[in-house]
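need a structure here:
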Amino acid sequence: MALITINDLVIKFKTNDGIVTAVNGFNAQIEKGQTLGIVGESGSGKSQTVLAIMRLLAKNAITTGNIIYNQQDLLSISNQEIRRLRGNKISMIFQDPMTCLNPYVTIGKQLLEVLLNHKNIAKNDAIKTVLNCMDTVKIPDAKRRINQYPHEFSGGMRQRIMIAMALLCKPELLIADEPTTALDVTVQAEIIALLEDLKKYLNMAIILITHDMGVIASSCDTVIVMYGGKIMEQGSVDDIFYNSVHPYTKGLLASIPSGLQKELYVIPGQPPSLLNLPNGCPFYERCNIHIDYCQDHMPLLLPVNNNPDHIKACHVAK
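Numbering: from 1, shown residues only. The predicted structure is shown next:
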């Protein structure tokens, strides 16, 4: 049984310029112990999808569809119920730890707040739990550093603090939105390895959002490729990296820098306006294999080579 099931999720925003369609019919299932990677260009709908799970969308958002967790629709339960789940059973690591941590409050107080809000626990026991969690995410000298402020930590250590905060209540689902952004390659590898170890230790599911195909390759079980608010292709890491069929997926893979390249490949053109999405495939204008039919007819997600776990939304690709 899936931990989270997302059915036909549509997210739109009312703006002064019109209705922006950020996510347009997203379907997915996340199992316990699984890492689901979501990849795509900026504006493809990755972050809005997971913010919908957390019920943290902007006030001008309009959502349809449902997100089922523990036989509850997260989009329709009360604010009080979602607050009980958020940070407790479902946690999120946000993109930039420096803007998520309060610069005027010590790390220890910010971590303690999570436990004291969600668990019936004495303060002394909560402090011990915080120190243990800081040790788990490999923050050295936790007893001293618990009284320090965010600016006294490096970028990599601040990211570890965010991971510790997300894991304090031992969630069933951890959402990591660009957890390695702005970190150097060595620290990136350490953070990804840490998430993998913690996933096995807690038997939790992870949704990992990133632009970095290398991060996806090294840490995910299933990969979703998004573009223009829709899923273009979905499959295992091997399916996506070695047997991909969608021209957008192939373009992303070709854009990965390699020492063998004389010139870095760039997908031509620009993503479609989310204010005026086409009737057909959103990738039509940039696609190198499109036919006229693609312009006005949205492709369905269909199996590749009769493999139900590898699906693509393309009229032409086989």
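
Can you give me every residue that contacts residue 14?
With contacts defined as C-beta atoms under 8 Å, 6 or more residues apart in numbering, residue 14 is in contact with 60, 62. Placement of C-beta: from N, CA and C, glycine included.

Buried residues in the helix or strand where it lies, which are they?
According to DSSP states H and E, residue 14 maps onto strand 4-15. Neighbour counts over strand 4-15 (16 or more other C-beta atoms under 10 Å) mark 4, 6, 9, 10, 11, 12, 13 as buried.

Likewise for stretch 271-291?
So for stretch 271-291, counting by 16+ other C-beta under 10 Å, buried means 271-272, 274, 277-278, 280-284, 286-287, 290.

how far out from the middle of the chain is whichever strand or helix holds residue 91?
Under the criterion of DSSP H and E, residue 91 resides in strand 90-93. Distance of strand 90-93 from the chain centroid (C-alpha atoms, centre = their mean, to the nearest Å) equals 10 Å.

Roughly how far does the most centrally placed residue in the chain sit from residue 35?
Geometric centre of the chain, nearest residue: residue 209, 3.1 Å, by C-alpha atoms, centre = their mean. Separation of residue 209 from residue 35 (C-beta to C-beta, to the nearest Å) stands at 11 Å.

tell me, how many neighbours does the closest residue to residue 166 other than its chain neighbours end up with?
Using C-beta to C-beta, 6 or more residues apart in numbering and skipping the chain neighbours, the partner closest in space to residue 166 is residue 91 (3.8 Å). A count of neighbours around residue 91, defined by other C-beta atoms under 10 Å, yields 25.

So that it lines up with my notes, have the first residue be 10 from now on.
Okay, using 10 as the starting number, the last item reads as residue 100.

tell me the contacts of residue 100?
Contacts for residue 100 were tallied using C-beta under 8 Å, 6+ apart; they are 174, 175, 176, 178, 180, 182, 183, 184.

And the pLDDT for it?
pLDDT for residue 100: 93.

Which strand residues bridge it?
residue 183 (DSSP bridges).

is it possible to export the buried residues of strand 13-24 to TSV including pLDDT and distance to residue 272?
As requested, those are exported to TSV (pLDDT from 0 to 100; distance: C-beta to C-beta, whole Å):
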residue	pLDDT	distance to residue 272
13	95	41
15	97	39
18	97	38
19	97	39
20	97	37
21	97	39
22	97	38
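
now the host helix or strand of residue 58 and strand 13-24, what's the angle there?
Element membership of residue 58, judged by DSSP H and E, is helix 55-63. Relative orientation of helix 55-63 and strand 13-24, computed by axes from the mean of the first three to the mean of the last three C-alpha atoms, to 10 degrees: 110 degrees.

name the helices or strands packed onto helix 55-63?
strand 13-24, strand 27-39, strand 44-48, strand 70-78, strand 99-102, strand 182-186, strand 214-219 (3 or more C-beta pairs under 8 Å, 6 or more residues apart in numbering; DSSP states H and E).

How about residues contacting it?
13, 15, 18, 20, 31-32, 35, 47-49, 66, 70, 72, 76, 83-84, 95, 99, 101, 104, 182, 184, 186, 216, 218, 235.

Any regions of the protein where pLDDT drops low?
191, 270 (pLDDT under 70).

Tell me which residues are up against the longest helix seen in it.
Looking across the chain with DSSP state H, the single longest helix is helix 194-211. By C-beta under 8 Å, 6+ apart, the residues outside helix 194-211 that reach it are 42, 44, 145-147, 164-165, 168-169, 172, 176, 179-180, 183, 185, 188-189, 192, 213-215, 217, 221, 224, 227-228.

Go through it and flag the buried ones.
196, 197, 199, 200, 201, 203, 204, 207, 208, 211.

How much space separates the third one from residue 228?
Right, the one you point to is residue 199. Distance of residue 199 to residue 228, given as C-beta to C-beta: 12 Å.

Same question for the fourth one.
Relative to residue 228, residue 200 is positioned 10 Å away (C-beta to C-beta).
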